[in-house]
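In: Provide a 3D model corresponding to the input given below.
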Amino acid sequence: MLSAQNLSYRRGDKIILADLSFALARGEGLVIAGANGSGKTTLLKILAGLLAPESGKLELDGTDIIGGKSAEYLGRILYLGHKNAMNEELTVLDNLKFWAGLAGNEILIPAALAYFALEEYALMPYKTLSHGLKRRVALARLIFSQKDIWLLDEPFANLDGETGERLANLIATRRQNGMVILSSHQAVALENFKELRLE
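Out: Numbers count the residues shown, from 1 in each chain. Okay, the predicted model is just below:
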């Protein structure tokens with residue numbers, strides 16, 4: 001069980017999050033919804049241990065995980081933020097080799113290329129791709145992941161309909177074996193997902 005109790009976060013004089021609470025069990029998902037600037041990315045960064053809230057509790061199975069205190073928790077999460085975390089100078093294939101190597105799943109590189117229809121772009125420099133293709137390469141990292149908690153910031157942004165469906169199927173598979181928390185400023189239809197709307 002991942003639970004947040006009365007989380008608050010302030011940036012300067014501005015309150016970004018106030019008394020936010022939710023609970024999520026294995027096999028469930030959470031969509032953090034809201035307009036741009038509502039605090040979605042901030043909340044995901046708190047969940048990823050990159051930011052510490054001003055107040056409140058954040059626990060996994062009763063263990064405090066605020067600010068990345070729990071090495072076990074950090075070892076169980078995959079965080080995919082707004083930035084794609086790819087080397088602009090490397091090819092698509094070389095970028096995926098790097099991430100697959102970190103995950104110890106090099107054998108899945110062909111599957112990742114095929115799943116996100118990237119085979120024809122494999123030898124192209126990443127910097128030459130469109131925004132949508134760049135995002136598809138970043139999302140291909142999910143194929144390699146053995147983490148059971150996924151934290152995804154606007155994963156459906158800049159995707160065409162077919163790629164969005166493939167991503168939704170991948171997310172559904174991960175949710176069955178763990179948890180998925182994602183942010184979105186647009187409506188997303190995902191089974192067994194709760195919604196947390198930020199104003």
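
In: Quick one: end-to-end length of stretch 53-62, please.
Out: One end of stretch 53-62 to the other measures 17 Å (Cα to Cα, to the nearest Å).

In: Next, the buried residues of it.
Out: By neighbour count on 16 or more other Cβ atoms under 10 Å, the buried set for stretch 53-62 is 53, 56, 58, 59, 60. To be clear about C-beta, it is placed using only N, CA and C from the backbone, and glycine gets the same treatment.

In: And the spatially most central residue of the chain, how far from residue 19?
Out: For the chain, residue 152 is the residue whose C-alpha lies nearest the centre (Cα atoms, centre = their mean; 1.6 Å). Distance, residue 152 to residue 19, by Cβ to Cβ, to the nearest Å: 24 Å.

In: ok, back up a step: bridged to the residue nearest to the centre of the chain, which residues?
Out: residue 80, residue 182 (DSSP bridges).

In: and it, what does it touch?
Out: 44, 80, 171, 180, 181, 182, 183 (Cβ atoms under 8 Å, 6 or more residues apart in numbering).

In: outside of the lengthiest helix in the chain, which residues touch it?
Out: Counting residues, the longest helix in the chain under DSSP state H turns out to be helix 161-177. With Cβ under 8 Å, 6+ apart as the test, helix 161-177 has contacts from 27-29, 115-117, 132, 136, 139, 142-143, 145, 148, 150, 152, 155-156, 159, 180, 182, 188-193.
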